[in-house]
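**Student:** Okay, structure incoming, though there's no sequence with it:
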């Protein structure tokens, strides 16, 4: 299953970009990173069947194990692409929230976009290691 991270803004050459690259290299699942301008831009059509996860302050605060279970279920159900979308500074519209398969939050705090991107990559790597029985994640 393709893990497609779609984010507004450019990460550039930053410490967060180094973290994203580190976890991208470690992931054994296929990963695609798409950066969009702050407004506008076009996302390619998804590979179907697909799921959409919005990173949203109103989302569910899942444990790493719960996120891994979502990914495993979708993978096992034949989902070919899961899109993780980080919105612009104003977040997502009500319509986008309503259409999403999952709203995901990293706690109740508000995180800078670049840091949230790095945190997402780490959580995707962690979820993949949980599913593989790798010792990276220790309860």
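**Tutor:** Looks like it came in fine. Values in this document were obtained by computation on a predicted structure and should not be read as measured data.
**Student:** Helices along this protein, start to end?
**Tutor:** Taking DSSP state H as the criterion, the chain contains helices spanning 15-26, 64-76, 94-99, 113-132.
**Student:** most packed of those helices?
**Tutor:** helix 113-132 (a mean of 20; mean count of other Cβ atoms under 10 Å). To be clear about C-beta, it is placed using only N, CA and C from the backbone, and glycine gets the same treatment.
**Student:** Point out the other elements, helices or strands, that that one touches.
**Tutor:** strand 2-8, helix 15-26, helix 64-76, strand 81-86 (3 or more Cβ pairs under 8 Å, 6 or more residues apart in numbering; DSSP states H and E).
**Student:** Format these as JSON lines; extra columns: distance to residue 44 and mean pLDDT.
**Tutor:** Converted to JSON lines, these look like this (distance: least, Cβ to Cβ, whole Å; pLDDT from 0 to 100):
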{"stretch": "strand 2-8", "distance to residue 44": "9", "mean pLDDT": "95"}
{"stretch": "helix 15-26", "distance to residue 44": "19", "mean pLDDT": "94"}
{"stretch": "helix 64-76", "distance to residue 44": "19", "mean pLDDT": "97"}
{"stretch": "strand 81-86", "distance to residue 44": "10", "mean pLDDT": "97"}
